[in-house]
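Novice: Got a sequence here, can you model it:
(one chain, ligands or ions: 2)
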Amino acid sequence: MTELVDTFGRAHRDLRISLTDRCSLRCTYCMPAEGVPWLPGPTLLSTEEIERITRVAVGLGVTEVRLTGGEPLLRPDVVDVVRRIAALEGRDGPVEVSLTTNALRLPALAGPLRDAGLARVNVSLDTLDRERFATLTRRDRLPDTLAGIAAADAVGMAPIKINAVAMRDVNDDEVVALTRFAVDRGYEMRFIEQMPLDAGHTWDRTAMVTQAEILERLRGAFTLTEVPGRGSAPAERWYVDGGPATVGVIASVTAPFCGACDRVRLTADGQLRSCLFARTETDLRTLLREGADDDALAEAFRTTLAGKKAGHGIDDPGFLQPDRPMSAIGG
Ligand code: SAM
Ligand code: SF4
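Specialist: Residues are numbered from 1 along each chain as shown. Ligands and ions are numbered 1, 2, ... in the order given. As a prediction, the model looks like this:
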């Protein structure tokens, strides 16, 4: 089988698909209050187009698919998309499908998604304080997010991962409380260093809460012991008070894990990206709609990966934030 190995020897097994750039929240680090100019409807890939591109990727060695956005649960066909992708056979068996979500629609969709073959969910939850949540996401929806997490738990999706972007003077004082919330319920807590991907271009490295700071706060409340065997996972993990619960940090900025990256991304409008921070994209949608066969699509995957850079370059003097915000790339 021809594989998606780039010029640095990294084999790509993980395809992240953005199902939509729209969202039901307006997290300050992701979208401006008024939203962003949405992708025009006809440019969005159809259910069949997503399935076809994914099948080609699976033929090239992809074994895991993560659905994201924007908010992937806003897509009316999300259950059908999961069912079709989960039915694909990869080199190691059925493709593993997971989803990153704000959980608002999980009370209605957790059961159907599980039945369709969804293996896991990652839920974004930056605070446990209702007022803060309303300020941070610009929507008063904390009870709905909590209900969504409980719904995923109730249908047996495990492990549930809770993601929080740590922000100075916004939620950095909640690192311990969020971890307790997760540990008490058997979820895995993961903190994310904020990255320069907001639509408003307001990211400031000096204000960013680093992995070192997060760990310092955690060590004030828990005993942390490193979990060995990280592989290509973005989160470095620690056992909390001897385990089995763990807490992770995704230190994309202060401890980049680009050397082990196995991810490739497809935007909701059918553009293939070799990295969150890539400055170029490959237009699979046009190829597909002009009648390209699977071999031509596979070649487009290989060409895109051949151009993948060694790292995201956030620290390079010439670093340029990608033109698309996170919500339009797929986090
Ligand atoms: N709406 C879904 C959600 O919030 O989980 C999926 C899309 S969201 C873009 C995916 C992840 O990216 C979330 O965990 C979110 O916190 C994270 N994210 C968004 N903007 C970010 C930024 N500037 N830096 C770091 N993480 C960010
Ligand atoms: Fe929406 Fe997720 Fe972005 Fe928040 S982080 S605005 S929930 S896409």
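
Novice: neighbours around the residue of the stretch 201-331 of the chain found nearest ligand 2, how many?
Specialist: Per CB to the nearest ligand atom, Ser327 is where the stretch 201-331 of the chain lies closest to ligand 2, at 4.5 Å. C-beta coordinates here come from the backbone N, C-alpha and C atoms, glycine included. Residues near Ser327, counting by other CB atoms under 10 Å, number 28.

Novice: tell me the secondary structure for it?
Specialist: helix (DSSP: H, G, I helix; E, B strand; the rest coil).

Novice: Need the per-residue pLDDT for it.
Specialist: Here, the pLDDT recorded for Ser327 equals 80.

Novice: Contact partners for it?
Specialist: Remark: with contacts taken as CB atoms under 8 Å, 6 or more residues apart in numbering, Ser327 is in contact with Asp21, Cys23, Cys30, Met31, Val36, Gly69, Gly70, Ala199.

Novice: In which helix or strand does the second one reside?
Specialist: I take that to be Cys23. According to DSSP states H and E, Cys23 maps onto no helix or strand at all.

Novice: For it, list the residues it contacts.
Specialist: By CB under 8 Å, 6+ apart, Cys23 lies in contact with Cys30, Met31, Gly35, Gly69, Gly70, Glu71, Leu74, Asn102, Ser327.

Novice: Tell me the buried residues within the residues you listed.
Specialist: Burial by neighbour count, judged by 16 or more other CB atoms under 10 Å, picks out Cys30, Met31, Gly69, Gly70, Glu71, Leu74, Asn102, Ser327 from the contacts of Cys23.

Novice: isn't the third one right up against Asp21?
Specialist: In this case it means Gly69. Yes: Gly69 lies in contact with Asp21 (CB atoms under 8 Å); the separation is 6.6 Å.

Novice: Identify the contacts common to the two.
Specialist: Contact criterion CB under 8 Å, 6+ apart; residues shared by Gly69 and Asp21: Ala268, Ser327.

Novice: distance between the ends of stretch 223-242?
Specialist: Stretch 223-242 has an end-to-end distance of 7 Å (CA to CA, to the nearest Å).

Novice: when you give positions from now on, start the count at 896
Specialist: Sure thing, new numbering starts at 896, so read that last one as stretch 1118-1137.

Novice: That one close to ligand 1?
Specialist: No: shown here: stretch 1118-1137 not in contact with ligand 1 (CB under 6 Å from any ligand atom), separated by at least 10.7 Å.

Novice: and the stretch 1046-1195 of the chain, which residues reach ligand 1?
Specialist: Listed as neighbours of ligand 1 in the stretch 1046-1195 of the chain under the rule CB under 6 Å from any ligand atom: Asn1058, Val1060, Ile1087, Gln1089, Met1090, Leu1092, Asp1093.

Novice: Distance check, Ala1102 against ligand 1.
Specialist: With distances taken as CB to the nearest ligand atom, to the nearest Å, Ala1102 is found 12 Å from ligand 1.

Novice: Need the nearest residue in space to that residue, chain neighbours excluded.
Specialist: Nearest residue to Ala1102 in three dimensions, chain neighbours excluded: Arg1063, at 5.3 Å (CB to CB, 6 or more residues apart in numbering).

Novice: Next, count neighbours for the residue in the chain that ligand 1 sits nearest to.
Specialist: Nearest residue of the chain to ligand 1: Gly1226, at 2.6 Å (CB to the nearest ligand atom). A count of nearby residues for Gly1226, using other CB under 10 Å, gives 22.

Novice: my read: it touches Thr995, true?
Specialist: Yes: checked against CB under 8 Å, the pair Gly1226 and Thr995 is within contact range at 6.4 Å.

Novice: Counting neighbours, what do you get for Val1071?
Specialist: Val1071 has 14 neighbours, counted by other CB under 10 Å.

Novice: can you tell me which residues contact it?
Specialist: Taking CB under 8 Å, 6+ apart as the criterion, Val1071 is in contact with Arg1112, Leu1113, Gly1115, Ala1116, Phe1117.

Novice: if we go to 6 Å?
Specialist: Applying CB atoms under 6 Å, 6 or more residues apart in numbering, we find Val1071 in contact with Ala1116.

Novice: Which parts of the stretch 896-1045 of the chain are strands?
Specialist: 909-913, 959-963, 984-985, 988-989, 991-996, 1013-1019 (DSSP state E, counting those that start in this stretch).

Novice: Actually, the stretch 1046-1195 of the chain.
Specialist: Counting by DSSP E, counting those that start in this stretch, the strands of the stretch 1046-1195 of the chain are 1056-1061, 1083-1088, 1119-1121, 1131-1135, 1141-1145, 1158-1161, 1166-1168, 1177-1178.
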